[in-house]
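Participant: After the sequence you'll find the predicted model.
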Amino acid sequence: MPELTIRNLAREFPSGGGVHDISLEVEAGEFFVLLGPSGCGKSTLLRLIAGLDPADRGSIEIAGRRAGYGERNGAVAMVFQNYALYPHMTAFENIAFPLRLMKLGPGEIERRVAQCAKTARLSIGLERRPGELSGGERQRVALARALVREPRIILMDEPLSNLDAQLRASLRAEIKRFQRATGRSVIYVTHDQLEALTLADRIAVIRAGVVEQIGSPRELYDAPANEFVASFVGQPPMNLMRARLDADRKALRVGEAVLAVAPPDAASEEVTLGIRPEDLSLRPDPAKAALEATIERVEFSGARFLVVARFGPAHLLSETGEPVEPGERSRFYFERSRVHFFDPISGQRIS
């Protein structure tokens with residue numbers, strides 16, 4: 001039985017925002033990420049799951065039992081973006097606060113706080129207040145407080161967005177370890193696709209309040225359901241180009257440039273084709289297809305070069321370890337099997 005089941009859930013605002021007819025399931029012990037741009041409805045959906053906001057339509061079930069507005073009975077805990085720690089309380093008091101509301105005895109409170117602090121790898125003295133803690137330590141206090149009530153599901157609303165890049169990378173690993181150690185289901189909201197790809201067992205990509213695709217990180221990366229998922233998942237983003245089919249359907253034309261790639265049988269007169277930057281190589285390989293493009297810009301990123309080239313009317317991004325110069329005419333090689341095709345009108349993937 002799924003830990004969480006959402007059916008046709010909607011929460012709609014006069015502005016047109018919110019979430020619309022969302023259905024999904026989260027399995028027990030799964031790390032499930034809600035990924036999408038700012039304002040797409042991720043946090044609205046999380047608040048509905050938490051019972052903080054009422055739904056206009058649809059249902060939420062936790063462990064097979066329907067949960068109405070506000071009816072969570074300790075089954076769900078939430079870690080907010082700013083951690084929401086009480087500044088006048090010590091770390092111990094912040095972690096223990098939900099247990100005091102449950103009117104547990106002092107001995108049980110001591111035991112649970114110590115256990116959860118250990119699981120969250122809190123090495124500080126718990127008598128310190130939030131103002132005396134680093135960002136990473138406040139994160140761990142918030143995780144311990146979420147765990148202390150022994151919830152079935154832990155919700156996280158962009159908990160790393162206020163931290164610097166180095167600390168974010170470190171705490172990503174900590175959050176993943178924490179989830180594996182506790183065995184809890186985690187639903188994690190982010191707009192950062194790197195966070196989503198590194199943390200998730202499965203990802204729901206959301207745009208304008210609608211789920212565009214649900215799948216593992218690999219599934220979303222290798223077989224995006226539409227142009228939006230293709231461009232949003234992956235960094236640098238996938239190259240997308242409008243192309244016409246040659247009369248013999250054995251090649252494509254991007255403007256006047258010819259691409260020796262046969263389109264799928266389901267394609268009509270035009271397609272949008274996609275190639276990921278890392279699939280375009282400057283290393284000659286006669287077994288691969290090739291295209292010839294003019295280098296317009298080269299950006300050095302430390303380990304690799306990001307190359308911007310013009311192919312017909314389209315701009316292409318490529319990642320390479322080989323230095324090139326702007327103005328050069330170069331051949332880029334790629335596997336035909338790594339080319340993606342989308343319907344130019346609907347944006348949906350053509351298999």
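Facilitator: Cool, got the structure.
Participant: from here on, contacts and neighbour counts on C-alpha atoms
Facilitator: Fine.
Participant: Neighbours of the residue lying closest to Arg72 once chain neighbours are set aside, how many?
Facilitator: The shortest distance from Arg72 to any non-neighbouring residue, by CA to CA, 6 or more residues apart in numbering, is to Gly51 (6.6 Å). Applying other CA atoms under 10 Å, we find 18 residues neighbouring Gly51.
Participant: okay, and the helix or strand of this structure with the least pLDDT?
Facilitator: Counting by mean pLDDT, DSSP states H and E, the chain has its least confident helix or strand at helix 165-182, which shows a mean of 85.
Participant: got the buried residues for it?
Facilitator: Neighbour counts over helix 165-182 (16 or more other CA atoms under 10 Å) mark Arg168, Leu171, Arg172, Glu174, Ile175, Phe178, Gln179 as buried.
Participant: quick one: that helix to chain centroid distance?
Facilitator: 15 Å (CA atoms, centre = their mean, to the nearest Å).
Participant: immediately after it, which helix or strand?
Facilitator: Sequence-wise, the next helix or strand downstream of helix 165-182 (DSSP states H and E) is strand 185-190.
Participant: what about the next helix or strand after that following strand, average pLDDT?
Facilitator: Sequence-wise, the next helix or strand downstream of strand 185-190 (DSSP H and E) is helix 193-199. When pLDDT is averaged over helix 193-199, the result is 93.
Participant: And the contacts of helix 193-199?
Facilitator: For helix 193-199, contacts defined as CA atoms under 8 Å, 6 or more residues apart in numbering pick out Phe31, Val33, Leu35, Arg172, Lys176, Thr190, Ile203, Pro217, Phe232, Val233, Gly234, Gln235.
Participant: who wins for neighbours among those?
Facilitator: Counting by other CA under 10 Å, top hit in the contacts of helix 193-199: Val33 with 30 neighbours.
Participant: Would you enumerate the residues in contact with the residue nearest to Arg72?
Facilitator: Neighbouring residues of Gly51 by CA under 8 Å, 6+ apart: Gly68, Tyr69, Gly70, Glu71, Arg72.
Participant: out of those residues, which are inside strands?
Facilitator: Using DSSP state E, the subset of those located in strands is empty.
Participant: Export the contacts of helix 193-199 as a markdown table, with columns for distance to Gly58.
Facilitator: Listed next are the contacts of helix 193-199 as a markdown table, based on distance: CA to CA, whole Å:
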| residue | distance to Gly58 |
| --- | --- |
| Phe31 | 23 |
| Val33 | 21 |
| Leu35 | 21 |
| Arg172 | 33 |
| Lys176 | 31 |
| Thr190 | 24 |
| Ile203 | 21 |
| Pro217 | 27 |
| Phe232 | 28 |
| Val233 | 28 |
| Gly234 | 32 |
| Gln235 | 35 |
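Participant: quick one: which two of those are the most distant?
Facilitator: Greatest spacing in these, by CA to CA: Lys176 and Phe232 (22.6 Å).
Participant: related to what we said a few turns ago, could you dump the buried residues of helix 165-182 into TSV and include distance to Pro326?
Facilitator: What follows is the buried residues of helix 165-182, written out as TSV (distance: CA to CA, whole Å):
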residue	distance to Pro326
Arg168	35
Leu171	39
Arg172	37
Glu174	42
Ile175	42
Phe178	47
Gln179	47
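Participant: quick revisit: just the buried subset of the contacts of Gly51, please.
Facilitator: Gly68, Arg72.
Participant: Out of the contacts of Gly51, which one has the lowest pLDDT?
Facilitator: Minimum pLDDT across the contacts of Gly51 falls on Gly70, with 75.
Participant: quick one: the helices in this structure?
Facilitator: 42-50, 91-101, 106-119, 135-148, 165-182, 193-199, 217-222, 227-232 (DSSP state H).
Participant: pLDDT of the fourth one, averaged?
Facilitator: Pointing back at helix 135-148 there. Mean pLDDT, computed over helix 135-148, is 88.
Participant: by contact count, what packs against it?
Facilitator: strand 76-79, helix 91-101, helix 106-119 (3 or more CA pairs under 8 Å, 6 or more residues apart in numbering; DSSP states H and E).
Participant: Who does the first one pair with, and is each partner parallel or antiparallel?
Facilitator: Going back to what we said before, that points to strand 76-79. Paired neighbours of strand 76-79 in the sheet (DSSP bridges): strand 153-157 (parallel).
Participant: Distance from the chain centre to the partner strand, please.
Facilitator: 14 Å.
Participant: Quick one: end-to-end distance for stretch 116-128.
Facilitator: End-to-end distance for stretch 116-128, by CA to CA, to the nearest Å: 16 Å.
Participant: ok, and what's touching it?
Facilitator: Stretch 116-128 has contacts (CA under 8 Å, 6+ apart) with 90-92, 137, 140-141, 143-145, 147-148, 178, 181-182.
Participant: Identify the farthest-apart pair in those.
Facilitator: Based on CA to CA, the longest span within those runs between Thr90 and Ala181 and measures 25.1 Å.
Participant: quick one, strands of the stretch 201-350 of the chain?
Facilitator: 202-207, 210-215, 239-245, 252-254, 257-259, 270-275, 289-300, 305-311, 314-320, 329-334, 340-342 (DSSP state E, counting those that start in this stretch).
Participant: in the second one, what counts as buried?
Facilitator: Of the residues in strand 210-215, those buried under the neighbour-count criterion (16+ other CA under 10 Å) are Val210, Val211, Glu212, Gln213, Ile214, Gly215.
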